[in-house]
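Novice: what shape does this take:
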Amino acid sequence: SAATPLATINAAIAAAKAGDIVQVAAGIYLENVALGGHNAPTGKHLTLLGGFNADFSARDAGQHVSTIDGGLANPAVQLHLDSDQGTVLDGFTLTRGRGLGSTWEDGYGHGGGVHATLHGDGEIVISHNLVHGNASNQHTSADSRGGGIYTYAQSWGDATGTIRIAHNTVRDNQAGKGAGIHVSGRHAELHRNLVEDNIGHHDHGGGIYVSATALLADNVVRGNVTGATQGYGWGGGVLVAGVDAQLRGNVVTGNFAPTTGAGVFWDEGATGTMRNDLIHRNLCPNGERSGAAIYIDGGPGGPSLVAIENVTV
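Specialist: Residues are numbered from 1 along each chain as shown. The predicted model follows:
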């Protein structure tokens with residue numbers, strides 16, 4: 001209760017009933033918060049809210065900062081849901097998280113700040129968080145992804161679940177691919193996020209890596225890098241691989257890729273649209289074939305096909 005609060009977020013999660021709201025006061029929480037586990041029983045559907053003052057009478061995440069410090073041990077937060085209900089993570093600072101495990105069975109090193117998996121028809125919402133200074137495990141390897149946020153929504157059967165990532169600042173994270181945000185599986189929506197200064201060490205996706213049917217709307221993606229260790233790479237800002245994606249009203253600027261597609265890279269038979277986006281000042285040193293703003297490629301999925309309307313390059 002507000003009068004006798006628990007000392008840790010994990011203790012509050014353990015005490016809560018499904019559907020409860022867990023309120024977190026300002027402070028630094030040195031723990032790896034987990035609702036369920038990877039390939040383990042999934043967590044209760046809860047709403048986790050940071051940003052409360054000491055007596056829980058007011059909430060302002062900017063003034064009353066609730067920091068989850070992962071201690072470079074595991075992801076700062078794990079969200080694993082198998083339900084038609086919803087789970088919310090809102091109003092936290094997430095830092096010093098490290099991606100989960102190193103093999104496919106234990107998480108493949110994905111997700112330093114947040115590692116989220118969704119099975120079923122529910123919804124996971126990740127909103128109004130500052131996600132910085134996290135890294136995937138073995139973050140220079142090709143298969144470690146989502147240094148800031150990694151999500152997977154079940155893509156088989158008739159599952160209709162969605163993962164929503166909105167109003168977050170995701171900066172200064174590192175991974176092999178998708179250093180800022182990596183979304184995979186069935187469906188994801190990214191709205192009004194600032195994704196900046198993330199470093200992808202391998203060859204695909206510095207800012208956002210999309211391998212789920214997705215909507216990206218009104219995001220700012222700037223100053224991200226791919227290929228930092230490899231010396232070659234594609235998709236410094238946004239990379240869409242083999243799925244259908246809709247980009248609307250995004251600003252993609254100041255991103256770097258050594259090979260092609262420093263701003264937005266469409267790959268492996270990807271399809272989709274770009275409408276009302278601004279793509280400017282992205283840097284690719286590969287001469288005439290660099291496609292520094294937008295590059296539309298082929299790959300194992302065949303030629304990519306993108307409709308580009310009212311876009312400023």
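Novice: output the contacting helices and strands for the helix or strand hosting residue 184.
Specialist: Taking DSSP states H and E as the definition, residue 184 sits inside strand 181-191. In terms of contacts (3 or more Cβ pairs under 8 Å, 6 or more residues apart in numbering; DSSP states H and E), strand 181-191 is packed against strand 149-153, strand 162-166, strand 208-217. C-beta here means a position set from N, CA and C on the backbone, and glycine is covered the same way.
Novice: residue 36 is nearest to which of those strands?
Specialist: strand 149-153 (13.2 Å; Cβ to Cβ).
Novice: what angle sits between the closest one and strand 162-166?
Specialist: Counting by axes from the mean of the first three to the mean of the last three Cα atoms, to 10 degrees, strand 149-153 points 160 degrees away from the direction of strand 162-166.
Novice: send the alpha carbons of strand 149-153 over as PDB?
Specialist: Only the C-alpha atoms of strand 149-153 are listed here, as PDB (Å, rounded to 0.1, in the frame of the first residue of the first chain):
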ATOM      1  CA  ILE A 149      13.800  -2.900 -26.800                       C
ATOM      2  CA  TYR A 150      13.300  -6.300 -28.300                       C
ATOM      3  CA  THR A 151       9.700  -7.600 -28.900                       C
ATOM      4  CA  TYR A 152       8.200 -10.800 -30.400                       C
ATOM      5  CA  ALA A 153       4.500 -11.300 -31.000                       C
END
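Novice: strand partners (parallel or antiparallel) of that strand?
Specialist: Applying DSSP bridges, strand 149-153 is found paired with strand 114-119 (parallel), strand 181-191 (parallel).
Novice: in space, what's closest to residue 64 - neighbours in sequence excluded?
Specialist: Distance criterion Cβ to Cβ, 6 or more residues apart in numbering; nearest residue to residue 64, sequence neighbours excluded, is residue 26 at 3.8 Å.
Novice: give me the distance between that neighbour and residue 248.
Specialist: Using Cβ to Cβ, to the nearest Å, residue 26 is found at 35 Å from residue 248.
Novice: do residue 227 as well
Specialist: In terms of Cβ to Cβ, residue 227 sits 27 Å off from residue 248.
Novice: quick one on the thing from earlier: redo the helices and strands packed on strand 181-191 as a markdown table? Include mean neighbour count, mean pLDDT and distance to residue 240.
Specialist: Converted to a markdown table, the helices and strands packed on strand 181-191 look like this (neighbours: other Cβ atoms under 10 Å; pLDDT from 0 to 100; distance: least, Cβ to Cβ, whole Å):
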| stretch | mean neighbour count | mean pLDDT | distance to residue 240 |
| --- | --- | --- | --- |
| strand 149-153 | 28 | 95 | 15 |
| strand 162-166 | 23 | 97 | 15 |
| strand 208-217 | 26 | 97 | 5 |
